[in-house]
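J.: quick one, structure for this:
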Amino acid sequence: MSENPQPFEGIPLIAPSSTSHPKYEEIVEACRSVFDPEIPVNIYDLGLIYTIDIDEENAVKVIMTLTAPGCPVAGEMPGWVADAIEPLDGIKQVDVSLVWEPPWGMDMMSDEARLELGFM
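T.: This is a model prediction of the structure:
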């Protein structure tokens, strides 16, 4: 009788964001100013921003993905995100990492994005 191994518990696929940090909402709004050139919706509402981590010195680490690995702006999009966040008052530095796991899916879009794209 073989047992199926249980999946690891307690390790999220997407690291949590610093939602209680005073700069969090301002950084989210900066991310909403960046649009995927192929889809007329901002990258935050598309669900491309996985994590916004802000440390005590206001250094920001963003973990994001793209709708597909072959996205023509794959090399540029992280820079666009950094350029949107860096000018905010008090931000020390911005590091944007592009990841492919977990893969993006349409279920990651906000209700606003689904509505705008006609999925609701």
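J.: where does the residue nearest to Ala84 when sequence neighbours are not counted land in three-state SS?
T.: With sequence-adjacent residues excluded and distances taken as CB to CB, 6 or more residues apart in numbering, Ala84 is closest to Ala30, at 4.3 Å. The C-beta positions use only the backbone N, C-alpha and C, and glycine is treated the same way. Look at Ala30: counting by DSSP: H, G, I helix; E, B strand; the rest coil, its state is helix.
J.: relative to Gly105, how far out is Ala30?
T.: Going from Ala30 to Gly105 by CB to CB, to the nearest Å gives 24 Å.
J.: before we move on, what about Glu29?
T.: Counting by CB to CB - Glu29 and Gly105 are separated by 24 Å.
J.: could you count how many residues lie near the closest residue to Pro102 other than its chain neighbours?
T.: Excluding the flanking residues, the one nearest Pro102 by CB to CB, 6+ apart is Leu13, at 4.6 Å. Using other CB atoms under 10 Å, Leu13 has 7 other residues around it.
J.: that's a strand at Leu13, yeah?
T.: No. Read with three-state DSSP, Leu13 is coil and lies in no strand.
J.: just checking, it touches Val99?
T.: No. Using CB atoms under 8 Å, Leu13 makes no contact with Val99, being 10.1 Å away.
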